[in-house]
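Engineer: following is a predicted model, sequence given first.
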Amino acid sequence: MIEKKLDRAITDFIWNVVEIHSQLEDIHSSWAGLLGITEPQWLILMAITELDEGRGVAGIDVANKLRVHPAFVTNQTKSLEKHGFLSRRPAADDARFVLMSLTEKATTEIEKLSKRKLALNSTMFNELDEKTLADLNAALATIAKNARLAARLLAIDVS
C-alpha cells in the first residue's frame with residue numbers, strides 16, 4: 001500500500017512540475033515580448049544577469065545553466081547583440097572564448113520590469129516564507145541531481 005501512495009505522490013509531483021514549467025514559459029514569453037525578443041533570448045539575458053560577476057560570462061556557462069547546446073547560445077547572443085542587449089568580447093586570457101555582458105540598454109529595460117517582477121513573484125510565492133523556499137530549493141536540487149543520474153542510467157539502458 002505504501003508503494004502505491006508513494007507512486008501517486010511522485011506522479012502528482014511530476015504533473016505539478018509540468019504545470020509550473022508551462023506557466024513559467026508563458027511568463028517568460030510575456031517578459032520577452034515586452035523587450036521585443038524571444039523567450040529563449042530572455043532566458044539567456046536572465047542567465048547572464050545571474051552569472052556575471054563583472055567580468056562577463058562565457059557562452060558555455062550560459063549553455064550549462066540553461067541546459068542547451070552552446071551553438072544555440074552563440075546564435076541567440078549574436079541576435080541579442082544586434083538588438084543592443086549584449087556586448088560580446090574575446091576573453092583576455094583565451095581569445096577562443098567570448099565573454100558576454102548586458103549592455104546599459106538591457107540593464108535599463110530589465111530594471112523597468114523589476115517592480116512588475118517583484119509583484120509577480122509575490123503572487124506566485126505568496127504563502128511561502130524564506131525557510132520554506134530554502135527547504136524546497138534544497139529538495140529540488142536533490143531531485144535535479146538524481147534526475148540527471150537517472151537520465152544517464154536510462155541512456156545506458158537504452159543503448
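Structural biologist: Received the coordinates, thanks.
Engineer: so how many other residues sit close to L102?
Structural biologist: 20 (other CB atoms under 10 Å). C-betas here are computed from N, CA, C, even on glycine.
Engineer: all helices for this protein, in order.
Structural biologist: Taking DSSP state H, the helices of the chain run over residues 2-35, 39-51, 59-66, 70-82, 104-124, 130-158.
Engineer: can you say which of those is nearest to R96?
Structural biologist: Within the helices of the chain, the stretch nearest R96 is helix 59-66; the backing value is 10.7 Å (CB to CB).
Engineer: tell me the buried residues in that closest one?
Structural biologist: The neighbour-count check on helix 59-66 (16 or more other CB atoms under 10 Å) flags 59, 61-63, 65-66 as buried.
Engineer: again, but for stretch 106-117
Structural biologist: 106, 109-110.
Engineer: from those, pick the one nearest T77.
Structural biologist: Checking the buried residues of stretch 106-117 against T77 with CB to CB, the nearest one is A106 at 11.6 Å.
Engineer: from memory the closest one sits against F85, does it?
Structural biologist: Yes: between A106 and F85 there is a contact at 4.0 Å, judged by CB atoms under 8 Å.
Engineer: between those two, which contacts overlap?
Structural biologist: Between them, A106 and F85 share these contacting residues under CB atoms under 8 Å, 6 or more residues apart in numbering: L45.
Engineer: got the domain boundaries for the protein?
Structural biologist: Domain segmentation of the chain under automatic domain parsing yields 2-126, 129-159.
Engineer: L34 and L45, how far apart?
Structural biologist: The gap separating L34 from L45 is 12 Å, by CB to CB, to the nearest Å.
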